[in-house]
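Asker: Dropping a prediction and its sequence here:
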Protein chains: 2
Amino acid sequence: MAKSGTQKSVDRAQEICLKAAQMFFENGFESTPVSDIAEALDLTKAGLYYYFESKQTLLYQIVTLGLDSVQNAVLDPAHHIVDPEERLRFMILNHARLAAEGNHAVIIISHEINALTSAQRITVQKRRREYFDFVRNTLIELKKQGKLRDLDITAATFTIFGMILWVPRWYRSSGSLPVELVCKNVCDLALHGMLPEQN
Amino acid sequence: MAKSGTQKSVDRAQEICLKAAQMFFENGFESTPVSDIAEALDLTKAGLYYYFESKQTLLYQIVTLGLDSVQNAVLDPAHHIVDPEERLRFMILNHARLAAEGNHAVIIISHEINALTSAQRITVQKRRREYFDFVRNTLIELKKQGKLRDLDITAATFTIFGMILWVPRWYRSSGSLPVELVCKNVCDLALHGMLPEQN
């Protein structure tokens, strides 16, 4: 069945976002001209500007797409998990998977925020902060249950994000390590690091 | 005692490197004009070019300075530590301290490598690889001694670097967490994550 014009347009906009996100991740936002993005997508510059009024709008849409992906695949389902240990395991595994699978819109969330307008930046920072606080509150719950090692909760939360968000810096799905093994390793290392052994 | 002209010149070159490294870290290499770096240092552009023939040479000198700092404070002393657990603890603590203390030359090692010439890039990658292999070999030693959890050694090595190299992305020494506490937390989390409890 042929897609409606609107759905096609949404799909094309998303395709542009993902390609541009990859180019911004690899070469930086400032160093990637709109003409290069258009060329990589077989579009003219005018064709690209039909979808996004400016390079800054394109970046904002990419970051929004990335945040939506994390929200849908990680944060929303995690809200339904009552046990904090199980919730943390779910979040680390699934966020690491999104990062490892090369979704560059997800990867770019932690980059290039300076290039946004201040209103866009505030929106993005608010959404990132909500996610950070949710993970942090999960560690607080674990601590209350006597299930957290003697760690500073803020430092531990940032360090978990470091483990996850570093994955796209080194992992290539074309290499010998399967995605699932990498995600399991990051998750095991983080959980053993934070939770004392159960006897 | 007044310093010799040569020593003064070396100190000034290093001061330029550290300031430029901070600006490259905060705004990106491409987005930081040489004129801004000169202005931040109360120099003319010509004054800055007296020390570095090009922006690329400046970047290479920064990365070299960062690699030398890691070599002197982490890698060289670690070579003398026989026990692999003690060696790993030393490396994580001391590399995290370098990163947390805001030495931007150290921080920049893992950024902006694409802007170097291919010969410079090869030299930098070789030195980074030597360090990576040294940490990786330490994990192999731990595994042989039965002191490593069931982890993929390559994934675990990269994840340790992620924990350390993420510190400058979030930690500010002007905040409420002392540097030593942050380094201890990163180190404890990494070691408990990798090494099984000792009974």
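Answerer: Yes, it's here. As the structure is a prediction and not an experimental result, all values here were calculated from the model.
Asker: low pLDDT regions in chain A?
Answerer: A:1-5, A:199 (pLDDT under 70).
Asker: For it, which residues are neighbours of chain B?
Answerer: A:26-31, A:110, A:114, A:149-152, A:154-156, A:158-159, A:161-163, A:165-167, A:169-171, A:177, A:181-182, A:185-186, A:188-194, A:196-197 (Cβ under 8 Å from any Cβ of the partner chain). Every C-beta, even on glycine, is put in place using the N, C-alpha and C of the backbone.
Asker: Can you flag the buried ones in the residues you listed?
Answerer: Buried residues within the residues of chain A next to chain B, counting neighbours by 16 or more other Cβ atoms under 10 Å in any protein chain shown: A:28-31, A:110, A:149, A:151-152, A:154-156, A:158-159, A:161-163, A:165-167, A:169-171, A:177, A:182, A:185-186, A:188-194.
Asker: What segments of chain A are helices?
Answerer: Listed in chain order, the helices found in chain A under DSSP state H are A:5-27, A:34-40, A:45-51, A:55-70, A:76-78, A:84-100, A:104-107, A:118-144, A:153-165, A:167-170, A:179-194.
Asker: Please name whichever of these is nearest to B:His80.
Answerer: Counting by Cβ to Cβ, B:His80 lies closest to helix A:179-194 out of the helices of chain A; the figure is 27.0 Å.
Asker: tell me the angle that closest one makes with helix B:153-165.
Answerer: For helix A:179-194 against helix B:153-165, the angle between stretch directions is 50 degrees (axes from the mean of the first three to the mean of the last three Cα atoms, to 10 degrees).
Asker: helices and strands around helix A:179-194, which ones?
Answerer: Using 3 or more Cβ pairs under 8 Å, 6 or more residues apart in numbering or on different chains; DSSP states H and E as the contact criterion, the neighbours of helix A:179-194 among helices and strands are helix A:84-100, helix A:153-165, helix B:153-165, helix B:179-194.
Asker: Make JSON lines from those and add distance to B:Leu75 to it.
Answerer: Supplementary listing: the helices and strands packed on helix A:179-194 in JSON lines, determined by distance: least, Cβ to Cβ, whole Å:
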{"stretch": "helix A:84-100", "distance to B:Leu75": "28"}
{"stretch": "helix A:153-165", "distance to B:Leu75": "21"}
{"stretch": "helix B:153-165", "distance to B:Leu75": "13"}
{"stretch": "helix B:179-194", "distance to B:Leu75": "17"}
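Asker: A:Gln7 is nearest to which of these?
Answerer: Distances from A:Gln7 to each of those were compared using Cβ to Cβ; the minimum, 23.3 Å, belongs to helix A:84-100.
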